[in-house]
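# structure, please.
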Amino acid sequence: MLDSKFPVRRESGVAVVAAPEEIDITNAGRLRTALVRACSNGDRTIVVDLSGTHFCDSAALNVLVRAHQRGEEQGREVRLVVPGPDILRIFLVTGINQVIPIFASLDEAIAPGLER
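Reported below is the predicted structural model:
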């Protein structure tokens, strides 16, 4: 079943999961489902677009870190789009920015030649 709160689309050959304004314990499972759906297409790169997100709690961070870990095990890469300071601060304070690549825009995150 498709989830309108976490739509998955393909853009320039990359799976993009768009996140809603808030991600917390009440919908983190839906984010996990969207990430699994994005991986099912066989894409090597999964981008989580947090451009419209203004709040995320530890449940959301947990889902993102686990997706990154599973991705590495499967030869995939998870990238985050975090253009504003609200969410970026959370990733900086927790050190997640040292683990998961963060980009200021979707264009940067899906740019060719970023494959590791």
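# going by C-alpha atoms from here, please, whenever you check contacts or count neighbours.
OK.
# would you map the strands across the protein?
Remark: strands assigned in the chain by DSSP state E are 8-11, 14-18, 22-23, 45-49, 55-56, 77-81, 102-103.
# pick the most deeply packed of those.
With neighbours taken as mean count of other Cα atoms under 10 Å, those reach their highest mean count in strand 45-49, at a mean of 25.
# so what's the most centrally placed residue in the chain up against?
For the chain, residue 48 is the residue whose C-alpha lies nearest the centre (Cα atoms, centre = their mean; 2.4 Å). Residue 48 makes contacts with 16-19, 78-81, as judged by Cα atoms under 8 Å, 6 or more residues apart in numbering.
# quick check, nearest of those residues to residue 54?
Among the contacts of residue 48, residue 19 lies closest to residue 54 (Cα to Cα), at 10.0 Å.
# burial of residue 69, as a residue count?
17 (other Cα atoms under 10 Å).
# distance of it relative to residue 91?
16 Å (Cα to Cα, to the nearest Å).
# same thing with residue 74?
Residue 74 is 23 Å from residue 91, by Cα to Cα.
# quick one, which of those two is more surrounded?
residue 91 (18 against 11).
# check contacts around that one.
Residue 91 is in contact with residue 97, counting by Cα under 8 Å, 6+ apart.
# go on, residue 87?
53-56.
# in JSON lines: the residues you listed, plus distance to residue 10 and pLDDT.
Below are the contacts of residue 87 laid out as JSON lines (distance: Cα to Cα, whole Å; pLDDT from 0 to 100):
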{"residue": "53", "distance to residue 10": "20", "pLDDT": "95"}
{"residue": "54", "distance to residue 10": "23", "pLDDT": "94"}
{"residue": "55", "distance to residue 10": "25", "pLDDT": "94"}
{"residue": "56", "distance to residue 10": "24", "pLDDT": "94"}
